[in-house]
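Participant: what follows is a protein structure lacking sequence information:
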Ligand code: NAP
């Protein structure tokens, strides 16, 4: 654990208040590191550095910015196993999941290296006056980035790379449970050529006050947040005072629908990915399974067999598929969802009880006959539990799938393409996985509707979240 201090203006600092907090390995419950906790004075120092760095960075050509991002991609790619190990240590996820995250995180640098040169505007003629309408994109300003613990690397790079491509500087507040990966990324960015002050990292235990202070500094123009809907709402309120540009990637409650005409083998593989990628600790995790009655037995027994075959253990071990949950609270919340569903009539096919001993382990679990009033139908489980219900009518399953305040991602399995597309279009979700259990891709616009968020990350849209358009009305 080489880097445990605040990273401000290209240097490592103890917090102004001198406080530190512990980061725990969720597999062993041992302390991994003691990390400096940022104070308001540190935030002010980071803001000064970000202001100075951005003044110079925004003047660099898009190609020059892109080449530094490309270099960051290459350096990151060369060190994937090191980052994966650190991700496993602080978050718990198994090696394969951690390698997957590290590779995904690196890809944002490659994608936005390519996008940096594509902030295309427009020139056209006003229909009535004949004046020229010129539209160009400019960097929006200093961005405050707040990220969750479930993807300690990727949720950071998904924001840092587009911000830098756009010409902005950033201050990132990583989750207190997993700050080490983001701190470890800083020497790599420095080596890639990112100038001091452009990216600053402020772990903190005074999160609310620190972020609120930064959102009230007139130099800040963007707040980009990934986390729970409840904290997202607070940040939107706080951002309203200065009318900041918000990008909000919030909670989900993903339905996964298996129609009677699905390829069941493909549906089980997709369900395993949608449920067990990151052991269910993902906003995109399938939370509610709706399986047509005619194929329910076949699908459920195959899914239970696949879930039961997964090996649980310390994610650093070679053959482990499922690591621990991030902390005791998350594990206990998962256990409470299962107990509640059982009390209301659900049947357990696999798993269903926390694993005793050190570490926050919960086994892969499959529940069937889950009633509509179970808590896990309305709330995010955020753990390795598949909750299965059945349906017979297409209209009914669309209604049930849409019956939530969330709208991040839905999954549909059907071999009838016409029907599948008709269903996709009726689902009130920002993303749909059609015959696939994975939608995340740096080249695609990731994001939700309703209370799952505002704005998009990745794709072309991801960079525009850090830019403002300027329209010039001209005559010549
Ligand atoms: P969280 O509790 O909302 O925390 C996320 C981040 O917000 C952390 O850095 C946290 O800092 C910070 N935070 C907490 N209170 C704050 C406050 N009052 N003001 C400003 N920042 C504050 O969420 P989480 O438990 O880490 O992550 C799980 C949630 O994230 C789930 O709901 C999941 O669906 C969502 N998520 C969404 C996406 C997406 O793309 N839509 C992706 C991943 C996760 P501390 O750690 O210091 O408390």
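Facilitator: The structure has been received and is ready for your questions. Note that the structure is a prediction, hence the values are computed from the model and not measured.
Participant: okay, now the unreliable bits of this protein?
Facilitator: Applying pLDDT under 70 to the chain flags the ranges 1.
Participant: burial of the nearest residue to residue 368 once chain neighbours are set aside, as a residue count?
Facilitator: Spatially, and ignoring its direct neighbours in sequence, residue 368 is nearest to residue 388 (4.6 Å; Cβ to Cβ, 6 or more residues apart in numbering). For glycine as for every other residue, the C-beta is placed from the backbone atoms N, C-alpha and C. Number of residues near residue 388 (other Cβ atoms under 10 Å) recorded here: 24.
Participant: now do the buried residues in stretch 37-51.
Facilitator: Within stretch 37-51, the residues scored as buried using 16 or more other Cβ atoms under 10 Å are 37, 38, 39, 40, 42, 43, 45, 46, 47, 49, 50, 51.
Participant: the second one should be in a helix, yeah?
Facilitator: No - according to DSSP: H, G, I helix; E, B strand; the rest coil, the state of residue 38 is coil, so it is not within a helix.
Participant: so it touches residue 202, yeah?
Facilitator: Yes - using Cβ atoms under 8 Å, residue 38 is in contact with residue 202, at 3.8 Å.
Participant: overlap in contacts, the two.
Facilitator: Common neighbours of residue 38 and residue 202, using Cβ atoms under 8 Å, 6 or more residues apart in numbering, are 6, 46, 173, 210.
Participant: narrow the residues you listed to those in strands?
Facilitator: 6, 173 (DSSP state E).
Participant: what would the shared contacts of residue 38 and residue 202 look like in TSV with distance to the ligand?
Facilitator: Compiled in TSV, the shared contacts of residue 38 and residue 202 are given as follows (distance: Cβ to the nearest ligand atom, whole Å):
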residue	distance to the ligand
6	14
46	15
173	6
210	8
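Participant: which member of the shared contacts of residue 38 and residue 202 is positioned nearest residue 160?
Facilitator: When the shared contacts of residue 38 and residue 202 are compared for distance to residue 160 (Cβ to Cβ), residue 173 wins out at 12.4 Å.
Participant: contacting residues around that closest one?
Facilitator: Residue 173 sits next to 38, 144, 145, 146, 147, 202, 203, 204, 207, 210, 211 when contact means Cβ under 8 Å, 6+ apart.
Participant: ok, what's across the strand from it?
Facilitator: Per DSSP bridges, the residues bridged to residue 173 are residue 146.
Participant: which SS class is the residue of the stretch 1-150 of the chain found nearest the ligand?
Facilitator: Going by Cβ to the nearest ligand atom, the ligand is nearest to residue 148 of the stretch 1-150 of the chain, at 3.3 Å. Secondary structure for residue 148, judged by three-state DSSP, is coil.
Participant: for residue 147, the count of nearby residues, please.
Facilitator: Per other Cβ under 10 Å, the neighbour tally for residue 147 reads 28.
Participant: what's the answer for residue 454, then?
Facilitator: 18.
Participant: ok, it to residue 430 distance?
Facilitator: For residue 454, the distance to residue 430 (Cβ to Cβ, to the nearest Å) stands at 10 Å.
Participant: in the longest helix along the chain, what's buried?
Facilitator: For the chain, the longest helix by residue count, based on DSSP state H, is helix 95-115. For helix 95-115, a neighbour-count test (16+ other Cβ under 10 Å) marks 95, 97-115 as buried.
Participant: elements contacting that helix?
Facilitator: For helix 95-115, the elements it packs on are helix 62-78, helix 80-91, helix 154-166, helix 461-464, judged by 3 or more Cβ pairs under 8 Å, 6 or more residues apart in numbering; DSSP states H and E.
Participant: how about residue 124, secondary structure?
Facilitator: Going by three-state DSSP: residue 124 is strand.
Participant: for the stretch 101-250 of the chain, which residues are neighbours of the ligand?
Facilitator: 146-150, 155, 173, 175-177, 207-208, 211, 226-228, 231, 234-235, 249-250 (Cβ under 6 Å from any ligand atom).
Participant: quick one: buried ones out of those residues?
Facilitator: Neighbour counting over these (16+ other Cβ under 10 Å) leaves 146-150, 155, 173, 175-177, 207, 211, 226-227, 231, 235, 249-250 as the buried ones.
Participant: near the ligand, which residues of the stretch 251-400 of the chain?
Facilitator: Neighbours of the ligand within the stretch 251-400 of the chain, by Cβ under 6 Å from any ligand atom: 251, 252, 283, 380.
Participant: ok, those vs residue 465, which is closest?
Facilitator: residue 283 (17.3 Å).
Participant: can you pull the contacts of the closest one?
Facilitator: By Cβ under 8 Å, 6+ apart, the neighbours of residue 283 are 150, 226, 249, 250, 251, 252, 380, 408, 409, 452.
Participant: how near is it to residue 69?
Facilitator: Counting by Cβ to Cβ, the separation of residue 283 from residue 69 is 25 Å.
Participant: go on, residue 2?
Facilitator: For residue 2, the distance to residue 69 - Cβ to Cβ - is 24 Å.
Participant: check the secondary structure at residue 233 for me.
Facilitator: helix.
Participant: and for the one 10 residues further on?
Facilitator: Secondary structure of residue 243, reduced to three states by three-state DSSP: coil.
Participant: count the residues that sit near it.
Facilitator: 8.
Participant: what's the answer for residue 395, then?
Facilitator: A total of 9 residues lie near residue 395 under the criterion other Cβ under 10 Å.
Participant: same question for the one 10 residues further on.
Facilitator: Here the count is done by other Cβ under 10 Å, and residue 405 has 11 residues near it.
Participant: unless I'm mixing things up, it is touching residue 450, no?
Facilitator: Yes - using Cβ under 8 Å, residue 405 makes contact with residue 450 at a distance of 5.8 Å.
Participant: given the helix or strand encompassing residue 133, what are its sheet partners and their directions?
Facilitator: Here residue 133, judged by DSSP states H and E, is contained in strand 132-139. Strand 132-139 sits in its sheet next to strand 122-125 (antiparallel), strand 467-474 (antiparallel), going by DSSP bridges.
Participant: so which of those is the most surrounded?
Facilitator: Neighbour counts (mean count of other Cβ atoms under 10 Å) averaged over each of those peak at strand 467-474, with a mean of 13.
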